[in-house]
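Undergrad: Show me how the following folds:
(one chain, ligands or ions: 1)
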Amino acid sequence: MKVHNFSAGPSILPEEVMQQAAKAVLNLNETGLSILEISHRSPEFLAILAEAKSLVLELLDLPQNEYKVLFLQGGASMEFLRIPMNLMQKGGKAAYLNTGTWADNAVKEAKAFGEVIEVASSKDMHYSYIPKAYTIPDDADYFHCTSNNTIYGTQMRSFPETAIPFVCDMSSDIFSRKLDFSQFDLIYAGAQKNIGPAGTTLIVIRERILGNPKNGLPNIMNYQMHIERESMYNTPAVFAIYTSMLTLRWIKKAGGIAAMEARNNKKAALLYEEIDHNPLFEGTAAKEDRSLMNVTFRLKDANHTEAFDTLCKTYHISGLKGHRTVGGYRASLYNALPVESVQMLIEVMQQFQRSHS
Ligand code: PMP
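TA: Numbers count the residues shown, from 1 in each chain. Presented below is the predicted three-dimensional model:
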């Protein structure tokens, strides 16, 4: 049975990656050992980690000598803390753009370490748009934004220019579209959307922004410690990193980020077209800020909910429910989601329209 998986995360992974990961659970590269039972210091895992790091920089088109790649644990939420702990000076301040629940959580965590300047916020409009006109103070220690707002279905199309270190949470759109990634000094993303299974977070840092070694930070929170120990300060999430490496190989083989972007553009255009033309549905994000990854919409008449949900179930459409805090629907169109799944959802929406109008 083919299930169309629109889950926002953990989410769909390429079929080929799942086959390879499943095989490695039983026997990794004919070693007679499972990926689940090898040492993180074994030559097999060291090679996996090295390949994963190198693929990250290759796909993002970042120079290997300037950026360091880490795979850590604690989710993107842990980075909400590590970032101010590592980048805020004593008595310092940081600038944040507040575009959604995750950005808001990042703001809240940073406040424990210094002053936070919210340069703009779309909270007043239920985070349905991306603020455009704002000024980033150039005496702040860094600027933080969220490239894609997973819950509200908005995405930053352009990024501000800033002279201070630029930090971006790309949890829900990394590797999905071409950007000049060198405009960022620190990029981070929980793996469980476009990279791999839950359990590891990818962090890419331009090393020089870390400055002199920070004294007094707990080791586990210290990026310099993790760089020095090459993501091995403590036991890394071996399986999650292995599966992430397989996904990175899959992206490269498919033609890199440009190929992902072309397919993602097509999927999103098809679905938004249906949302805009089907009289029973409406989109919830400002049109110019609509996300290519998380498409948020709702039924104009909430009384239709049960019937639409039942029809979705009949056609094996899964994971369409909006985030529990906002309701409605959210179709997540991550890299691994095939165009056919979007076409199926559209067919279901059209069938629903024929029977309900
Ligand atoms: N940032 C964004 C943009 C997210 O979508 C999420 C989770 N969906 C997070 C941060 C938090 O990630 P985690 O659950 O891995 O801590």
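Undergrad: what's the burial count for the closest residue to the ligand within the stretch 1-150 of the chain?
TA: Distances between the stretch 1-150 of the chain and the ligand by C-beta to the nearest ligand atom are smallest at residue 75, namely 2.6 Å. In short, each C-beta sits where N, CA and C put it, glycine included. Residue 75 sits with 16 neighbouring residues when counted by other C-beta atoms under 10 Å.
Undergrad: what do you get for residue 310?
TA: Neighbours around residue 310, by other C-beta under 10 Å: 10.
Undergrad: That one belongs to a helix?
TA: Yes. Counting by DSSP: H, G, I helix; E, B strand; the rest coil, one finds residue 310 located in a helix.
Undergrad: Which pLDDT value goes with it?
TA: Model confidence at residue 310, given as pLDDT, is 97.
Undergrad: what's the spacing between it and residue 317?
TA: Distance of residue 310 to residue 317, computed by C-beta to C-beta, to the nearest Å: 11 Å.
Undergrad: now residue 78: how far from residue 355?
TA: Distance of residue 78 to residue 355, given as C-beta to C-beta: 47 Å.
Undergrad: who's more crowded, those two?
TA: residue 78 (18 against 9).
Undergrad: can you pull the buried residues of stretch 271-287?
TA: 271, 272, 274, 275, 278, 280, 281, 283, 284, 285 (16 or more other C-beta atoms under 10 Å).
Undergrad: mind listing what residue 106 touches?
TA: Residues in contact with residue 106, defined by C-beta atoms under 8 Å, 6 or more residues apart in numbering, are 80, 83, 96, 144, 146, 169.
Undergrad: Name the residues that touch the helix or strand containing residue 270?
TA: Secondary structure from DSSP states H and E places residue 270 in helix 256-277. Helix 256-277 is contacted from outside by 59-60, 175-178, 251, 254, 281-283, 290-293, 295, 297, 331, 333, 335, 337, 339, 342-343, 345-346, 349-350, using C-beta under 8 Å, 6+ apart.
Undergrad: Please pick the buried ones from these.
TA: Buried among the contacts of helix 256-277 (16+ other C-beta under 10 Å): 59-60, 175-177, 251, 281, 283, 290-293, 295, 297, 331, 333, 335, 337, 342, 345-346, 349.
Undergrad: What about the ligand: which of these touch it?
TA: Taking C-beta under 6 Å from any ligand atom as the test, the ligand is in contact with none of the buried ones among the contacts of helix 256-277.
Undergrad: Show the backbone phi and psi for residue 57.
TA: phi -70, psi -40 (degrees, to the nearest 10).
Undergrad: can you count the residues close to it?
TA: Residue 57, neighbours per other C-beta under 10 Å, totals 18.
Undergrad: In terms of helices and strands, where is residue 144?
TA: Assigned by DSSP H and E, residue 144 belongs to strand 143-146.
Undergrad: which non-adjacent residue is nearest residue 145?
TA: residue 97 (4.2 Å; C-beta to C-beta, 6 or more residues apart in numbering).
Undergrad: hang on, that neighbour in a strand?
TA: Yes. The assignment for residue 97 is a strand, going by three-state DSSP.
Undergrad: Wait, it touches residue 103, no?
TA: Yes. Residue 97 is within contact range of residue 103, at 6.6 Å (criterion: C-beta atoms under 8 Å).
Undergrad: Quick check: neighbours shared by the two?
TA: Counting by C-beta under 8 Å, 6+ apart, the residues touching both residue 97 and residue 103 are 144, 145, 146.
Undergrad: For the first one, which residues count as its bridge partners?
TA: When bridges are assigned using DSSP bridges, the partners listed for residue 144 are residue 96, residue 167.
Undergrad: In this structure residue 335 contacts residue 174, no?
TA: No. If you go by C-beta under 8 Å, residue 335 and residue 174 don't touch, sitting 9.5 Å apart.
Undergrad: got any residues that touch both of those two?
TA: residue 194.
Undergrad: how about the CA coordinates for the helix holding residue 270, as CSV?
TA: Presented in CSV, the C-alpha positions along helix 256-277 are these (Å, rounded to 0.1, in the frame of the first residue of the first chain):
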residue,chain,number,x,y,z
GLY,A,256,22.2,18.5,-5.9
ILE,A,257,20.1,21.4,-4.4
ALA,A,258,19.3,22.8,-7.9
ALA,A,259,17.4,19.6,-8.8
MET,A,260,15.7,19.5,-5.4
GLU,A,261,14.6,23.1,-5.9
ALA,A,262,13.1,22.5,-9.4
ARG,A,263,11.0,19.6,-8.0
ASN,A,264,10.0,21.5,-4.9
ASN,A,265,8.9,24.5,-7.0
LYS,A,266,6.8,22.3,-9.1
LYS,A,267,5.1,20.5,-6.2
ALA,A,268,4.3,23.8,-4.4
ALA,A,269,3.1,25.5,-7.5
LEU,A,270,0.6,22.6,-8.2
LEU,A,271,-0.7,22.6,-4.7
TYR,A,272,-1.1,26.4,-4.3
GLU,A,273,-2.8,26.6,-7.6
GLU,A,274,-5.4,24.1,-6.4
ILE,A,275,-5.8,25.9,-3.0
ASP,A,276,-6.4,29.2,-4.8
HIS,A,277,-8.9,27.7,-7.4
